[in-house]
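>>> Output the structure for:
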Amino acid sequence: MCRWQLSTPSLALILIWLSSLNEWVATAIANFIGGLIFFWVDRFIFTSKILESQWEVKENIQCSDCGKIARGYRLVKTNNYDKSDDKAPKFRCEECSQKKTEELREKGLKI
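Residues are numbered from 1 along each chain as shown. From the prediction side, this is the model:
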């Protein structure tokens, strides 16, 4: 969402600059220029090692460790760990998720 909103000012400036053109042509040109700019931002978002760990969060799950009903977390993917095709994913409450994350870090996973 933040990346999407960041494009608004740049596209608005381009549309103002191209206001003498037909509105459809100006919009097409502005979107093309926005694509040239934000391609690099999107590339960083989707390929960056910084953003490597992927989590899934769900409300009102039963924690697979303690049984508490709470917001649930599960690590889906990181270095040498991929549970994206897990048929029976295990969600944990925040406390149990933090414990599990620490266990995985002790095993050498970078989270």
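
>>> so what's Gly72 up against?
Residues counted as contacts of Gly72 (Cβ atoms under 8 Å, 6 or more residues apart in numbering) are 57-61, 63, 91-93, 97. C-beta here means a position set from N, CA and C on the backbone, and glycine is covered the same way.

>>> care to break this structure down by domain?
Using automatic domain parsing, the domain parsing of the chain gives 2-47, 54-106.

>>> Reformat these as CSV; add mean pLDDT.
Listed next are those as CSV, based on pLDDT from 0 to 100:
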stretch, mean pLDDT
domain 2-47, 87
domain 54-106, 92
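
>>> Deepest-packed of those domains, please.
Across the domains of the chain, averaging neighbours per residue (mean count of other Cβ atoms under 10 Å) puts domain 54-106 on top, at a mean of 14.

>>> ranges for the strands of the chain?
Remark: strands of the chain, listed N- to C-terminal, are 54-62, 69-78, 81-82; assignment by DSSP state E.

>>> how close does the most far-flung residue of the chain relative to its centre sit to Phe39?
Of all residues in the chain, the one whose C-alpha sits farthest from the chain's mean C-alpha position, using Cα atoms, centre = their mean, is Ser20 at 37.8 Å. Distance check for Ser20 against Phe39: by Cβ to Cβ, to the nearest Å, it reads 27 Å.

>>> Which residue is the nearest non-sequential neighbour of Asn79?
The shortest distance from Asn79 to any residue other than its chain neighbours is 5.1 Å, reached at Lys110 (Cβ to Cβ, 6 or more residues apart in numbering).

>>> Look at the one you found and report its pLDDT.
Note on Lys110: pLDDT of 80.

>>> wait, it sits on Lys77?
No: the criterion here is Cβ atoms under 8 Å, and Lys110 misses it with Lys77 at 11.9 Å.

>>> Identify the contacts common to these two.
Joint contacts of Lys110 and Lys77 (Cβ under 8 Å, 6+ apart) are 52-53.

>>> what's Arg74 in contact with, if anything?
Arg74 sits next to 55-56, 83, 89-92, 97 when contact means Cβ under 8 Å, 6+ apart.

>>> want to throw these into CSV with distance to Leu6?
What follows is the contacts of Arg74, written out as CSV (distance: Cβ to Cβ, whole Å):
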residue, distance to Leu6
Trp55, 23
Glu56, 25
Lys83, 31
Pro89, 32
Lys90, 36
Phe91, 32
Arg92, 33
Ser97, 30
